[in-house]
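A.B. asks: Task: produce atomic coordinates for the following.
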Amino acid sequence: MSQTAINAGDKQESESESPERKSPWYRKTEVAAPFVLAALLALAFWLWPHTGENLGDRIAKSVSWWVTTRTPVDWLLALSVVILIGLFIVLRRQRAYRTALVSSQKLTDQVVELQAQLSSTMMARDNAVAEVDRLKTQLADLQAALTTTTMAKNESDSEFDRLHSQHTDLQTLLATMTVAKDQAVAEVERLKNQLKEFIPYKKNGIGRWENLVEVKYGHIPYTPFLMRGGYNGRQVYGLGAEFLTELLDHRYEGVAVKVEADDDETRNWKTIVEGLGKQYEVIATPMFATFERSKEVRFTAPLFYSNIGLYVSAKLPKLPLWNKIGMDNFRPGIREHFPALKFLSVKGEISQHLAVNYASDESIEDSEDVVNPNKLFKKIAEGGAPHYAIFSESFTAELDPLFTSGQVINVLPYYRILYPVCYAVRLGDYQLANLLNIRLLQLTRVQSALDRLVDKLLKEPSTRNLYTEEYIRKHFVNQWPTEPLRKTG
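C.D. replies: Residues are numbered from 1 along each chain as shown. Model prediction:
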C-alpha cells in the first residue's frame, strides 16, 4: 500500500475517532468510567468487614479471603473485569496514539506545506530580488538614457533657438531685401520710363539752336517773378517770363524765335518739373537751386540770390533762445529748446527742402494744395499748441499783414540762408542751358537781373506802390554778402 493510501486511511480513522464524530453514549461512558471504578472500590472497602487492622493487613487478608472464597465463576468474572479494564486502557492508549499520530501527521503536513510555502516564498524572494536587481539595472539604464536624452534635448533646444534666431534674422533680411528689391525694381522702372521719355536734342546742319524757331516754357504764378492776368486772366507777365523771352527770342542771325507759355495753369511746385522736356523746354518761374532739385533738372547761372527766413508765431514761448541756435547746430538746438515745434511745408517748394534739411521727419507737415507758403501764416499766427514754423522767401513773407502786424516774426538773421534764383531746363539739355548762360552773361554786363527787377517793380503801376528799392535790395542780392550779417528788425 502506498504512503498516500496509508495517510488517507489514518486520516479517515482519525476523523472517525475525533471527538466530534464519537456517539453520545461513548462520550458519556468515557466520562463516567473513572467514577464507576472509584465507586466500586469504595463499595468494596465499605462492605469489607472491619477488624481494626491496618490498611495493609486488611488488604492482604481481604485478598487472601477473596482468593480462597472465589468460585471459578468469580475468577472468570474478575478476569473479565481485568480484561475489560486492560482493553479499556489499551483502547485509550491506542486512541491517544492515533490522536498523536494524526496530530503528528497534521503537523508534518503543515511543516511540509510550510516548507513548500517557504521554498516558494524564498523562490519568490529570489525572483523578487532578481527582478529588483533587473529593475535597478533598467532604472540605471533609463537614468543614463534620460541624462543622455536631456543633454540631447538641451543641445536640440539650443540648436533650435539658434536656428529660430537665424530664421528670424533671415526673415528680417528677406523682408529688407524684398523691400530693397521692390525699391530697385521701381527705380529701374522709373529710369526705364525716364529713358523712354528722354528727348535728345539733335543738331541739324550747323547746330540745333541755330535752327531754333519755337520755345515753350512752363510756369507757376509767383510774385514778383511771374504773374497771370490780362483781359482773360491767362496772360503771363513778370520778370521771369519777360527776361526769358529776351534771352531766347532771337537766333544768332537775328531771326525771331517764338517764345510762348504752356497753357496748363494747374501746375504746382512738384508737377512743374514733371512736364519739363515733355510739354515745354524751360521753366520760366525762377526756381531756387537746391541739391535735391539738381538731381531732376539743370539750373542756369543764378539771376540773383534770395533771402530765406524762418517764421514763427510771436506767441511762441522762449523766443530769446533763438539767439543760441545757429545753422550749424539748428537741428539739435530745435530738439533741445523747441521739441514740440512743427514745420509746415509746401510740396516741392523751398519750404519743404529746408524743412527736410533742418528738422526731423516727424515734425514736418506737408501741404500739397498750396503754392505760396504765405498762405500758411494764419495757422502759424494762431499760436496755440502745437506751435508751427515755416521756411519762406522773405521778400513775399514780410509783406504779409500777419508779419507787418507783428503776429508772425522772422527768427533768422538776414542772409543766414541765401538761395540762388535760376531758370531750369531738362537735365540732359546742356545746349539750352549753355545758351541761356551765355546770353545771361551778355545781358547782365549791361544791367544785372536784380537791377532789371528793381526797375520793373518800381515802374509797373500794379507794384510801384508796394515796394521800395531798399526793400527789394534787402531781400535780393547779386552776390553773397561780405559785410557782417544784419539781424532782423
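
A.B. asks: Okay, the closest residue to residue 220 other than its chain neighbours and residue 164: tell me how far apart.
C.D. replies: Distances taken as C-beta to C-beta, 6 or more residues apart in numbering put residue 285 closest to residue 220, at 4.7 Å, once the chain neighbours are dropped. Using the backbone N, CA and C atoms, a C-beta is placed for each residue, glycine as well. Remark: distance between residue 285 and residue 164 (C-beta to C-beta, to the nearest Å) = 58 Å.

A.B. asks: out of those two, which sits in the busier spot?
C.D. replies: More neighbours surround residue 285 than the other of residue 285 and residue 164, with 23 against 11 (other C-beta atoms under 10 Å).

A.B. asks: all helices for the stretch 351-489 of the chain, in order.
C.D. replies: If DSSP state H, counting those that start in this stretch is used as the criterion, the helices of the stretch 351-489 of the chain fall at 377-381, 394-397, 401-404, 430-446, 449-459, 469-475.

A.B. asks: so for stretch 273-285, what's the average pLDDT?
C.D. replies: Mean pLDDT, stretch 273-285: 86.

A.B. asks: Check stretch 382-402 too.
C.D. replies: Rounded mean pLDDT across stretch 382-402 is 88.

A.B. asks: One more: stretch 479-489?
C.D. replies: 52.

A.B. asks: same check, this time on stretch 245-262
C.D. replies: On average, stretch 245-262 scores 77.

A.B. asks: Would you mind writing the CA trace of it as PDB?
C.D. replies: Output of stretch 245-262 as PDB, limited to C-alpha atoms (Å, rounded to 0.1, in the frame of the first residue of the first chain):
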ATOM      1  CA  THR A 245      11.700 135.900 -73.800                       C
ATOM      2  CA  GLU A 246      14.500 138.500 -74.100                       C
ATOM      3  CA  LEU A 247      17.100 135.700 -73.800                       C
ATOM      4  CA  LEU A 248      15.600 133.300 -76.300                       C
ATOM      5  CA  ASP A 249      13.500 135.400 -78.800                       C
ATOM      6  CA  HIS A 250      16.300 135.500 -81.500                       C
ATOM      7  CA  ARG A 251      18.900 133.400 -83.100                       C
ATOM      8  CA  TYR A 252      22.500 134.300 -83.900                       C
ATOM      9  CA  GLU A 253      21.400 135.600 -87.300                       C
ATOM     10  CA  GLY A 254      18.800 137.800 -85.700                       C
ATOM     11  CA  VAL A 255      15.900 135.600 -86.900                       C
ATOM     12  CA  ALA A 256      13.000 135.800 -84.400                       C
ATOM     13  CA  VAL A 257      12.100 132.800 -82.200                       C
ATOM     14  CA  LYS A 258       8.600 132.300 -80.900                       C
ATOM     15  CA  VAL A 259       8.600 132.100 -77.100                       C
ATOM     16  CA  GLU A 260       5.300 131.200 -75.600                       C
ATOM     17  CA  ALA A 261       3.800 129.900 -72.300                       C
ATOM     18  CA  ASP A 262       2.400 126.400 -71.800                       C
END
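
A.B. asks: Could you list the buried residues of it?
C.D. replies: Buried residues in stretch 245-262, counted by 16 or more other C-beta atoms under 10 Å: 245, 247, 248, 259, 261, 262.
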